[in-house]
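Novice: Sequence plus predicted model, see below.
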Amino acid sequence: MKSKLLLALLVLLILLNGVLIFMLIKKPHQNKRAQQGKNFLTHQLEFTDNQKNKFLSFDKVHRENMRHFDAQLKKHKDVLFNSFSAGTLHIDSLSVLIGTLEGEKEVEVFRFFKSVRNICNKEQKGEFDSIINRAIKGGKKRPPRGGDNYSLRDERMPPPPR
């Protein structure tokens, strides 16, 4: 009886290890999320194959540019926040540089969406504008993640500090 139980337990553990190794190697949950982001606009706007190809080329360039900006921002922020002990650091010039990079990043996002809008036909442009406006406005009103019910759009005063 004990040997059958041990054998069943051993087989179960081997199967579980196999599933975990598969999850670590293939990462199916991450691959699905990455594709959903790309497919959202192409699906919502019902792009043709030609439009999808153009969109994917725009997306590839955009992602490379965003990675570049993120790397530069990380480098400068690391210098800023690792310099507490250094007394000669020019905080103002570093913060201006970080602000400039953030601004350039926003311009890149705008250019990407403008190029996507340019490949849309008349009906798709209307839907695209609607999607962008909903994204800018934040979609549905939800309570903040912190649990406080204060919203910047509220006309009430924020709750007093605890």
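Specialist: Sure thing, it's come through.

Novice: neighbours around Lys137, how many?
Specialist: Lys137: 10 surrounding residues under other C-beta atoms under 10 Å. Where C-beta positions appear, they are placed from N, C-alpha and C, glycine not excepted.

Novice: for it, what are its contacts?
Specialist: Lys137 sits next to no residue when contact means C-beta atoms under 8 Å, 6 or more residues apart in numbering.

Novice: Make 3 the starting number, not 1.
Specialist: OK, 3 is where the count begins now, so the last one is Lys139.

Novice: Quick check: the gap between it and Gln46.
Specialist: Distance, Lys139 to Gln46, by C-beta to C-beta, to the nearest Å: 17 Å.

Novice: From the contact counts, what lies against whatever helix or strand Val111 lives in?
Specialist: For Val111, the host element (DSSP states H and E) is helix 93-120. When contacts are defined as 3 or more C-beta pairs under 8 Å, 6 or more residues apart in numbering; DSSP states H and E, helix 93-120 packs onto helix 51-83, helix 124-139.

Novice: Kindly export the last one (C-alpha atoms) in CSV.
Specialist: Included here for helix 124-139 are C-alpha records, laid out as CSV according to Å, rounded to 0.1, in the frame of the first residue of the first chain:
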residue,chain,number,x,y,z
LYS,A,124,-11.9,57.7,-43.3
GLU,A,125,-14.1,55.4,-41.2
GLN,A,126,-11.1,53.9,-39.4
LYS,A,127,-9.9,57.5,-38.6
GLY,A,128,-13.1,58.2,-36.7
GLU,A,129,-12.8,55.0,-34.7
PHE,A,130,-9.1,55.6,-34.1
ASP,A,131,-9.9,59.1,-32.8
SER,A,132,-12.5,57.7,-30.5
ILE,A,133,-10.1,55.1,-29.1
ILE,A,134,-7.4,57.7,-28.5
ASN,A,135,-9.9,60.1,-26.8
ARG,A,136,-11.1,57.3,-24.5
ALA,A,137,-7.5,56.4,-23.6
ILE,A,138,-6.6,60.0,-22.9
LYS,A,139,-9.7,60.5,-20.7
